[in-house]
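[1] The sequence and its predicted three-dimensional model are supplied below.
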Amino acid sequence: MNTGILIAPTKKLREWLSKLGNNNAQGEFYLTDIVAMAVADGIPVSTAQPAQRWEVEGINNKSQLATLERVWQQTVAGKLMAQGVTLADPARLDVRGNLTCGRDVEIDVGCIFEGNVTLGDKVKVGAYSILRDASIEHGTQIAAYSHIDSSEVGANCHIGPYARLRPGTKLAEDAHIGNFVEIKNSEIGKGSKANHLSYIGDSTVGSRVNIGAGTITCNYDGANKFRTIIEDDAFIGSDTQLVAPVRVGKGATIGAGSTITKDAPDNELTLSRSKQITINGWKRPQKVKK
């Protein structure tokens, strides 16, 4: 079978094309006549044999493109399973780059891998997660619907569900990044946790830090970005805003609901909170009937 793919030296190809004739029943010019010309001129002729028929299938429309894409993904899935990777459903996998897996890796349905992704031994990737240019070390568990982009994740971490690691994120071993937590351009130390509804951007977080729900590092002033430093063993209470540049010292505790604009000292409780008041007799506004 001739696929129509031909490689020839440019100078000789011009010469051969000028000699093509259409002296045949169809009155057509056949490029395959070039092969006979090459042989006559003593030019070596060789053929390439595809390993699979689908490698030389023609694509003339989007439907055919989609069909061959599925064939390719099935081929990738087969190679992964031959290496020992467990795929919940080989038909629901997309590898759009290079995926390298260690031993006993498990991948649930609907996952997408883009660029260069490396999964260490015993890594588990939950359903419908997207990983791009990421390195995941051994034993890490990635729960469903997590997005990891241009990030490095250490061993035995727990991520998600619905977590997002943006470019520049580095997690040390045993870190926990929970549901609806976004990390960007930040280092998270060993054993540190941000389990709920938080944004950590442009930050350096030490080891064994607990970041409470609703915490935000306010790293952008509208023109420039600044860094937040949270040192080892700090405890950040829920609904806290850390306005960078700011440093939270070792073992420091930040009271819930605080807005921190100055450095918090080591091993002390720091909080900012307005006084709670009750206005007696206050009534809610009522809808005006039209």
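    Everything's here; your move.
[2] ok, and for the helix of greatest length in the chain, which residues are buried?
    Under DSSP state H, the helix in the chain containing the largest number of residues is helix 62-82. Across helix 62-82, burial judged by 16 or more other CB atoms under 10 Å covers 73, 76-77, 80. C-beta coordinates here come from the backbone N, C-alpha and C atoms, glycine included.
[3] What segments of the stretch 1-150 of the chain are strands?
    Residue ranges of the strands in the stretch 1-150 of the chain, as given by DSSP state E, counting those that start in this stretch, are 86-87, 93-101, 106-107, 111-119, 124-125, 130-132, 135-136, 141-142, 147-149.
[4] Which of these sits closest to Ala48?
    Across the strands of the stretch 1-150 of the chain, the minimum distance to Ala48, taken as CB to CB, is reached by strand 93-101, at 23.4 Å.
[5] Can you lay out the buried residues of helix 62-82 as TSV showing distance to Leu13 and pLDDT?
    Below are the buried residues of helix 62-82 laid out as TSV (distance: CB to CB, whole Å; pLDDT from 0 to 100):
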residue	distance to Leu13	pLDDT
Gln73	36	96
Val76	35	97
Ala77	40	97
Leu80	41	98
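[6] These into TSV, with extra columns for distance to Val117?
    As requested, the buried residues of helix 62-82 are arranged in TSV below (distance: CB to CB, whole Å):
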residue	distance to Val117
Gln73	15
Val76	12
Ala77	15
Leu80	12
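[7] Run through the stretch 51-200 of the chain and note the low-pLDDT ranges.
    Scanning the stretch 51-200 of the chain for pLDDT under 70 picks out no residues.
[8] and this structure, what are its domains?
    When the chain is parsed with automatic domain parsing, its domains come out as 68-184, 198-270.
[9] Please produce CSV containing those domains, extended by distance to Val39.
    What follows is the domains of the chain, written out as CSV (distance: least, CB to CB, whole Å):
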stretch, distance to Val39
domain 68-184, 33
domain 198-270, 66
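[10] Mind checking those for the one nearest to Pro285?
    Pro285 lies closest to domain 198-270 among these, at 26.1 Å (CB to CB).
[11] what's the span of that closest one, first residue to last?
    Distance across domain 198-270, first residue to last, is 20 Å (CA to CA, to the nearest Å).
[12] mind checking how far it is from the chain centre?
    Taking CA atoms, centre = their mean, to the nearest Å, one finds the center of domain 198-270 at 26 Å from the center of the full chain.
[13] returning to what we had before: which two of the buried residues of helix 62-82 lie the greatest distance from each other?
    Gln73 and Leu80 (10.5 Å).
[14] Now do the shared contacts for these two.
    Common contact partners of Gln73 and Leu80 (CB atoms under 8 Å, 6 or more residues apart in numbering): Leu93.
[15] between the domains of the chain, which one is nearest to Lys62?
    domain 68-184 (10.2 Å).
[16] Need the strands of the stretch 1-150 of the chain in TSV (columns: mean neighbour count and distance to Gln276).
    Formatted as TSV, the strands of the stretch 1-150 of the chain follow (neighbours: other CB atoms under 10 Å; distance: least, CB to CB, whole Å):
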stretch	mean neighbour count	distance to Gln276
strand 86-87	16	54
strand 93-101	17	52
strand 106-107	22	49
strand 111-119	19	47
strand 124-125	22	45
strand 130-132	21	43
strand 135-136	23	45
strand 141-142	23	41
strand 147-149	22	39
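[17] Looking at the domains of the chain, spot the one closest to Leu20.
    The minimum distance between Leu20 and those falls on domain 68-184, with 31.6 Å, by CB to CB.
[18] Start and end of that closest one, how far apart?
    36 Å.
[19] With adjacent residues omitted, what lies nearest to Gly154?
    Once flanking residues are discounted, Gly154 sits nearest to Glu173: 4.0 Å by CB to CB, 6 or more residues apart in numbering.
[20] The one you found reaches His138, doesn't it?
    No: counting by CB atoms under 8 Å, Glu173 stays clear of His138, with 9.5 Å between them.
[21] anything in contact with each of those two?
    Common contact partners of Glu173 and His138 (CB under 8 Å, 6+ apart): 155-156.
[22] How much space separates Gly58 from Ile142?
    To Ile142, Gly58 is 39 Å away according to CB to CB, to the nearest Å.
[23] ok, now Gly126?
    For Gly126, the distance to Ile142 - CB to CB - is 6 Å.
[24] Please apply the same query to Thr217.
    Counting by CB to CB, the gap from Thr217 to Ile142 is 23 Å.
[25] How about Leu13?
    If you measure Leu13 against Ile142 using CB to CB, the figure is 52 Å.
[26] repeat for Ala194
    Taking CB to CB, one finds Ala194 at 15 Å from Ile142.
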